[in-house]
Structure formats: C-alpha cells, structure tokens
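1. Next one to model:
(one chain, ligands or ions: 1)
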Amino acid sequence: MAGIVPHWNEFATRDELAASLANAVADTLRAAISRRSEAFLAVSGGSTPGRFFVALSRAELDWSKVTVTLVDERFVPENSPRSNASLAKANLLQNNAAAARFAPLFHEAATVEKGADLADAETRALPWPLDATILGMGGDGHTASFFPDAQDLDALLDLTSTRIVMPVHAETAGEPRLTLTLPALVSAGLLVVHIEGAEKRNVIEAALAADKALPVRTVLEKAPRAAEIYWAP
Ligand SMILES: O=C1O[C@H](COP(=O)(O)O)[C@@H](O)[C@H](O)[C@H]1O
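-> Coordinates of the predicted model:
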C-alpha cells in the first residue's frame, strides 16, 4: 500500500483487546488534558465497540475535561435501537466517564442534509483537532459511514473538504447517515481501526495488500500518520 503502513496490535481475546485499547485511549486523553487542558475523542457505533466502551468508561482521568463525539451516526433519533449515540451513552458515558461532555451528530430535521448542516455548524465549536479517533469497519470495507456504494464518496473522502459533517446516502447502509469527513477524522493524534473476527481481518488485509479501493484503505492511505489496527479473533 502507498502511504503509511498501519501498525497491528493483536490480542488473544476480545476482552484483552478492550482493556489494552482503553488504556491506550485513556493515556492519549490524559496527555491531551495535560497539554491543552481538554481532550476530544470520536468513537464508532455498531456491534464491535461495546467491551471497549465499558473498559474505557472506568478509566481514571478527568472526564469533565473530555468531549466525546461519534465518527458517524444513523439518521435516527436516540430512542432507536440503531442509534450510535444511544450505544455510546449506555456503554461509554457511564462510570467515571459519565462526567464527559457528549456531542451527538443526530439533530431532528426534515432531511439528513438539513440534519448534517446542523451537526456541521454545532461540531465546529468543539475542541478540534481530535486527540483520538476510534474507527470500526464493516465486512464490506466501510468505515465511519464511508460505504463503498455511497453517493458522493469522493467528496466524503476528500482530504481538502472544509465540511466536518456530511450526509450519506448508500443503498447498503440501511438508512441515511451522518459522517465526520475524512479530514476531520484523520486530524487525530491517535487513529485506531478496531476490528474483531477472522472475516474482518481478511477484508482489511486484502484491502491493504491489493489495489482494492475500499473506503478503509483510502482512509488509512490519506491519514497523515500510521493508524493502529486493534484486532482479536
Ligand atoms: O454502520 C456502522 O458500522 C461500522 C461497523 O460496525 P460493526 O457492527 O461491524 O462493528 C461502525 O464502525 C460504524 O460506526 C457504524 O455506524
């Protein structure tokens, strides 16, 4: 792969991965707090991050100085079982992390375009750049809401975009989405792709080895520094 090759962190179990990733993120947040008196974290939704969220929620640090947002969101309200905000609130924003400020991407609006405009305006006031971005990846190679079949995928993955949040329409996504744009995501000092299971490992290895233009490859290629891949079977 052109660009900077990611670094693999492999674990025997998902619990070990969760503990180690939580330590790494907590260290990054603590360092940001001592450097600039606050810290900014973006996390993923989906089925993978639950254990990591619970482990991180117990980390000892000054959570009142931490802002948490999402790398992407389904265009659904928080009472939907598909809401990434609801997952993060239930699993991460508890225990010590209950003191953190949460900045969701979903806003009530007639269309996802209007919702994205609201989220874009609101997120501008957050303490950029991100200190840590924790991405997931679907079996189709999507990460954040950069789906392979997304309309305007090139615009979503445009490193020169001045947008922070954009709407996403993709047949395979289930519903319209909101996503942080590529430059917003890769501004983070710590960029992680958290994946579990043999199937996802095969997908990311194939994407990195071949010139297969899956979105996850584009993100890792365009990132200004090497990403950390966290993987467990
Ligand atoms: O739709 C989404 O999917 C990806 C991967 O989710 P998983 O269920 O396979 O872990 C996730 O990273 C993203 O935040 C979410 O919106």
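
2. Quick one: classify the residue of the chain positioned farthest from its centre as helix, strand or coil.
-> Farthest-out residue of the chain from its mean C-alpha position, per CA atoms, centre = their mean: A110, at 25.3 Å. Secondary structure, DSSP: H, G, I helix; E, B strand; the rest coil: A110 is coil.

3. before we move on, what about M166?
-> strand.

4. repeat for R225
-> Taking three-state DSSP as the rule, one finds R225 in the coil state.

5. Mind checking the pLDDT average for the helix or strand harbouring A18?
-> Here A18 sits within helix 14-36, counting by DSSP states H and E. Over the span of helix 14-36, the pLDDT mean works out to 98.

6. Residues of the protein that sit close to the ligand?
-> Neighbours of the ligand within the chain, by CB under 6 Å from any ligand atom: S44, G45, G46, S47, T48, V71, D72, N84, G136, M137, G138, S145. Every C-beta, even on glycine, is put in place using the N, C-alpha and C of the backbone.

7. Number of residues surrounding the fifth one?
-> Translated: T48. 22 (other CB atoms under 10 Å).

8. Now do the contacts for the nearest residue to it once chain neighbours are set aside.
-> The spatial neighbour of T48 that comes closest, neighbours along the chain excluded (CB to CB, 6 or more residues apart in numbering), is G136 at 5.0 Å. Residues near G136 by CB atoms under 8 Å, 6 or more residues apart in numbering: S44, G45, G46, T48, P49, T143, V193, H194, I195.

9. Just the buried ones out of these, please.
-> Among the contacts of G136, the ones that count as buried by 16 or more other CB atoms under 10 Å are S44, G45, T48, P49, T143, V193, H194, I195.

10. would you turn those into TSV with pLDDT?
-> As requested, the buried ones among the contacts of G136 are exported to TSV (pLDDT from 0 to 100):
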residue	pLDDT
S44	98
G45	98
T48	98
P49	98
T143	98
V193	98
H194	98
I195	98
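
11. Going by distance to F106, which of those wins?
-> G45 (11.1 Å; CB to CB).

12. Tell me, please, where in this protein the pLDDT is lower than the cut-off.
-> Scanning the chain with the threshold set as pLDDT under 70 gives 1-3, 211-212.

13. That'll do, ta.
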